[in-house]
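Trainee: Return a 3D structure for these sequence lines:
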Amino acid sequence: MSKTAFIGFGEVNTPIDVIVKKCTDAEKELKNRGLDLVSVYPVTDDYEEKDIAKALDSLKGKEFDSLVIAIAGWIPTHAVVKITEQYKHLPMVLWGLCGWKEDDRIVTTADQAGTTAIRKTFADLGYKFKYVYDIIGLPSRADKVVSFVKAASAAKSLRSAKVGMAGYRDMNLYGTLCDGSSLKRVVGTEIETFEMLEMKQRYDKITDAEKKEVIDNVMSKWNFLKPAKEEGKMMAAGYYLAVKQLIEERKYEAISLKDVDGMKKLIGFPPAPIFMLLSDCAGVSTIPENDCLGNVTQLMVKHLTGQCGFYLEFYEFFEDSVLAGVPDYVPAEVTEGETTVIPAAFGELSEGILNVSKVKTGELTMSRLVMIDGKYYMHLIKGEGKRAPKWEECGWTQPAPQLPGLEIFMDDVEKFAQNVMCQHYIITYGDNREVIKDLCTILDIGIIE
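Mentor: I've put the predicted structure just below:
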């Protein structure tokens, strides 16, 4: 649960009961949306600054990730800054409440006189903040406040998040690389690499009984369109358990494995079912091919939305849509119906267990963290995922499997194509652009739309 300090302000000459009621109503809006608040109000500009001292004393020693500065009426800027300067390292929301109507007239406590006096000052002082104002006669904009508060909590938790990366730079790709120092500075997330040898050594110690337990309890529930070799199921279960050990020991929240030049080339086993088990049973975000920033994007959206943030890659562009799919797996969280798999081989690769599940349709957000000329950006696109037409990737044994995918409709395919940053984009359901933008504001990450 997001924890924030809620501080309500109003001018000393405004009726105190009015300020208290407005702050109480605003506080209730936030609590109803799940926020855990440390509340202090009303704070006025009394001459002896007793309210300011009382507020600072009330906040002292309390833990919170952000501040909500609720302006319930006119307040001289100094009264606000004397509190916020003590917490300038934390993200803030400057929330202007509003007046009301009585019969044919508007009654105001000059809320936006207060916020418009403060907004530039906050910017000049270098605060990370979002400005929100309510409008008479319309619902509270508390959702916008909550979005930024959630982003502040995500920014904090990402600083201690870790990604586990087996190997590095699969297929010698460029777009999946990252700069560890700048990533640590901006986002805070750590990418730790471990050798495939370590994974293999752990695999060799997994017993057949342990592997069979995974097969019986999890894989037996998958819908196999035709029988898979027992050897393949045992390998999938064994490597899942080996990687799971590393995840639990090192507290990884996301994982990537060297795929084409690693699992497939060196071990002879396509890792799709391993990724499925890691996502569905170990609860980590997964992406293949050592996609560093793909993993980090997944963690960003997962900390914001609670969704796994699955990956899709692009196969075809159309006039008003793109065909996005995967050649291996999708998490159970985003499948429509049961997890469906089939044993299949691609080109010279040995037979693997391929996921051919249907992907849920609906409104979605595509995200990709990227670095351009030393600065991080987030590419964001809202789309509508619809059932993909029948399609196959040339090279699979016939009859070719129908791979998981969506036809994603968007406003401007050409603009997207000219800005596309990688073959992998991270998908979440719903329009999550605002909360992602809020996180990017806090982290100084630019936005490309």
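
Trainee: Name the SS class of the residue nearest the centre of the chain, please.
Mentor: The chain has residue 301 as the residue nearest its centroid, 0.8 Å off, counting by C-alpha atoms, centre = their mean. At residue 301 the chain is in helix, as set by DSSP: H, G, I helix; E, B strand; the rest coil.

Trainee: who's in contact with the closest residue to it other than its chain neighbours?
Mentor: Once flanking residues are discounted, residue 301 sits nearest to residue 309: 4.2 Å by C-beta to C-beta, 6 or more residues apart in numbering. C-beta: built from backbone N, CA, C; applies to glycine. Residue 309 makes contact with 285, 297, 298, 299, 300, 301, 302, 367, 426, 427, 428, according to C-beta atoms under 8 Å, 6 or more residues apart in numbering.

Trainee: can you give me the strands in the stretch 151-300 of the chain?
Mentor: Using DSSP state E, counting those that start in this stretch, the strands of the stretch 151-300 of the chain run over residues 162-166, 190-194, 223-224, 254-257, 285-286.

Trainee: I'd like these as TSV, with distance to residue 317, mean pLDDT and mean neighbour count appended.
Mentor: Shown next, in TSV, are the strands of the stretch 151-300 of the chain (distance: least, C-beta to C-beta, whole Å; pLDDT from 0 to 100; neighbours: other C-beta atoms under 10 Å):
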stretch	distance to residue 317	mean pLDDT	mean neighbour count
strand 162-166	30	96	23
strand 190-194	31	95	16
strand 223-224	32	94	14
strand 254-257	26	96	26
strand 285-286	26	97	28
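
Trainee: Can you convert those strands into JSON lines and add a column each for distance to residue 235?
Mentor: Output for the strands of the stretch 151-300 of the chain, formatted as JSON lines (distance: least, C-beta to C-beta, whole Å):
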{"stretch": "strand 162-166", "distance to residue 235": "15"}
{"stretch": "strand 190-194", "distance to residue 235": "19"}
{"stretch": "strand 223-224", "distance to residue 235": "16"}
{"stretch": "strand 254-257", "distance to residue 235": "13"}
{"stretch": "strand 285-286", "distance to residue 235": "17"}
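
Trainee: Of all those strands, which one comes closest to residue 83?
Mentor: Residue 83 lies closest to strand 190-194 among those, at 33.8 Å (C-beta to C-beta).

Trainee: Restricting to C-alpha, output the closest one in CSV.
Mentor: C-alpha atoms of strand 190-194 as CSV (Å, rounded to 0.1, in the frame of the first residue of the first chain):
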residue,chain,number,x,y,z
GLU,A,190,20.4,-3.6,-10.5
ILE,A,191,21.0,-6.2,-13.3
GLU,A,192,23.1,-9.1,-12.0
THR,A,193,24.5,-11.6,-14.5
PHE,A,194,25.1,-15.2,-13.6
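
Trainee: Can you show me the helices along the stretch 301-449 of the chain?
Mentor: Ranges of helices in the stretch 301-449 of the chain, per DSSP state H, counting those that start in this stretch, are 413-419, 433-443.

Trainee: Alright, calling it a day.
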